[in-house]
Structure formats: structure tokens, C-alpha cells
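J.: sequence below, structure please.
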Amino acid sequence: MAATHVLFVEDDDVIREATTLALERDGFQVTAAPDGVSGLDSFRSRQPDLALLDVMVPGLDGVSLCRRIRDESTVPVIMVSARADAIDVVLGLEAGADDYVTKPFDGAVLVARIRAVLRRFRTASPREKDDGGAVLSFGDIAIDPEGMEVTRDGRRLALTPTEMRLLLEFAAAPGTVLSRDRLLARVWDYAWGGDTRVVDVHVQRLRTKIGQDRLETVRGFGYKLRA
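T.: Numbers count the residues shown, from 1 in each chain. As a prediction, this is how the structure comes out:
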């Protein structure tokens with residue numbers, strides 16, 4: 001089996017080289033780029049399995065690069081920020097990133113995040129349909145769990161793998177309030193506490209696609225899918 005290919009865009013030479021070596025020791029193939037423009041070129045030419053993007057890189061910043069990638073692909077994206085700044089985190093997630101890590105990061109934590117995102121991508125990718133699978137309907141929304149397709153008024157929606165996993169979690173328990181911690185554990189595979197802003201931003205992104213009124217906020221508890 002071919003090694004998982006990671007595109008890593010980072011302008012700091014020391015961090016770029018050290019992280020590349022650490023990922024390669026864990027069995028990843030790494031293409032490293034020092035700026036956003038060369039990072040976009042590498043993404044298009046090398047077609048990596050995952051993109052790891054620093055927020056503050058020259059030429060084309062990480063958030064803009066994430067948007068460019070998301071316009072072309074559903075490949076998993078993890079943002080890297082030098083600080084746990086709310087603006088950096090939210091901008092990256094709103095641009096379509098699946099997760100984020102902050103510097104300085106522990107190599108083992110980074111690898112765990114990468115593998116968790118890849119698991120979500122592989123389990124939420126389109127696959128051959130099973131004719132026995134039931135389509136779930138919620139008003140004008142139809143969810144095909146076997147084919148991993150969602151339509152609204154008959155039009156197919158372009159969901160990222162993380163958005164698909166999130167919607168399936170809600171669809172499995174319509175009308176039930178799901179806490180942010182439960183969603184972090186079930187959708188993001190976090191065995192430890194995580195930043196609930198990841199959940200909030202992805203819920204908002206999902207709302208823009210399936211309809212703002214479909215996911216209800218239950219203040220102090222979490223979210224639920226209107227049955």
C-alpha cells in the first residue's frame with residue numbers, strides 16, 4: 001500500500017524540515033512548500049491525500065490557500081496556527097478546513113490529528129451503493145448513507161467528508177440534542193477534549209447547505225436535527 005501523501009506548507013525552515021522528518025518517520029510521504037503559491041502548485045501537480053497548511057505563509061496565506069483547495073477538492077485540510085487565536089481558527093475552519101493544530105505542537109498529537117481526519121475522509125467518501133440501503137428523508141433533504149450522497153429538492157449537495165459525518169450523526173438521532181463533546185468524539189474521533197469551535201463552525205457551514213432551520217441550537221446543551 002502506498003504511503004499517505006501529505007502536503008505541508010510552512011515558511012519557517014526549521015519547523016518545515018523538522019516536521020517533515022517527523023512525519024516521514026511515521027510512514028508518511030511529505031511534499032513541503034515554503035509559501036502558498038508553490039503550495040498550490042504542489043497541490044495541483046502532486047494531488048496529496050491531505051494538506052497541512054500554516055496560516056501565516058507568504059505569497060498566498062494559508063486561509064486563502066485552503067479556499068483555493070476547497071474550490072477544487074474535498075481532500076482533508078488541517079490548518080496550523082502559531083497561536084490559539086480565535087480569529088485564525090475560525091477563519092481557517094470557515095474556509096473549509098477540517099481541523100487545526102497550534103504551534104508549538106507535539107509530533108504525536110499532530111500524527112493523531114492527521115490519522116483521525118483521514119479516517120473521517122475514508123469512511124465518508126462515496127462508495128458503491130447497496131440496493132438494500134434505506135434513504136433517510138427530512139423534508140426536502142434526502143440522505144443516502146450507502147452511496148454517501150445528500151440531495152436537497154433533488155439537487156445533490158457538495159459536502160466535505162467531515163460535513164457528511166456530522167450530518168449522518170444528526171440523522172441517526174433526529175430530534176435528539178447532541179452535545180458538542182459528543183460530536184467531537186463521534187465525528188472528529190477526539191478521545192480527549194477538543195475545541196468546540198470546530199463543531200460550531202462546521203454546524204454553521206452545514207446549515208448553509210441543508211438550510212438554516214434544519215439544525216436547531218439548544219443553548220447550553222448542543223444541537224439537534226429537526227425531525
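
J.: excluding covalently adjacent residues, which one is nearest to the residue most central in space within the chain?
T.: The residue lying closest to the centre of the chain (C-alpha atoms, centre = their mean) is residue 98, at 1.9 Å. Excluding the flanking residues, the one nearest residue 98 by C-beta to C-beta, 6 or more residues apart in numbering is residue 162, at 4.6 Å. (Glycine included, C-beta is placed from N, CA and C.)

J.: any idea which helix or strand carries that neighbour?
T.: Taking DSSP states H and E as the definition, one finds residue 162 inside helix 161-171.

J.: what is that helix packed up against?
T.: Counting contacts by 3 or more C-beta pairs under 8 Å, 6 or more residues apart in numbering; DSSP states H and E, helix 161-171 packs against helix 107-123, strand 141-144, helix 180-187, helix 197-210, strand 222-225.

J.: report the inter-axis angle for it versus helix 197-210.
T.: With axes from the mean of the first three to the mean of the last three C-alpha atoms, to 10 degrees applied, the angle from helix 161-171 to helix 197-210 works out at 80 degrees.

J.: re the thing from before, isn't the residue nearest to residue 98 right up against residue 120?
T.: Yes. At 5.7 Å, residue 162 and residue 120 qualify as touching, with contact defined as C-beta atoms under 8 Å.

J.: which one's more surrounded, these two?
T.: residue 162 (26 against 22; other C-beta atoms under 10 Å).

J.: still on that earlier bit, for the residue nearest to the centre of the chain, give me the pLDDT.
T.: Listed pLDDT for residue 98 reads 94.

J.: kindly report the same for residue 193.
T.: Reported pLDDT at residue 193 in the predicted model: 61.

J.: for the helices and strands packed on helix 161-171, which one ends up most surrounded?
T.: Of all the helices and strands packed on helix 161-171, strand 222-225 has the most neighbours on average by mean count of other C-beta atoms under 10 Å, namely a mean of 20.

J.: ok, then the element right after the helix-or-strand element of the chain with minimal mean pLDDT?
T.: Least confident element among the helices and strands of the chain, by mean pLDDT, DSSP states H and E: helix 86-94 (a mean of 85). Where DSSP H and E defines the elements, the next helix or strand beyond helix 86-94 is strand 99-102.

J.: can I get that following strand as PDB, trimmed to CA atoms?
T.: C-alpha atoms of strand 99-102 as PDB (Å, rounded to 0.1, in the frame of the first residue of the first chain):
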ATOM      1  CA  ASP A  99      -9.400  20.700  11.900                       C
ATOM      2  CA  TYR A 100      -6.500  22.800  13.200                       C
ATOM      3  CA  VAL A 101      -3.400  22.500  15.400                       C
ATOM      4  CA  THR A 102      -1.500  25.200  17.200                       C
END
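
J.: direction included, what does it pair against?
T.: strand 77-81 (parallel) (DSSP bridges).
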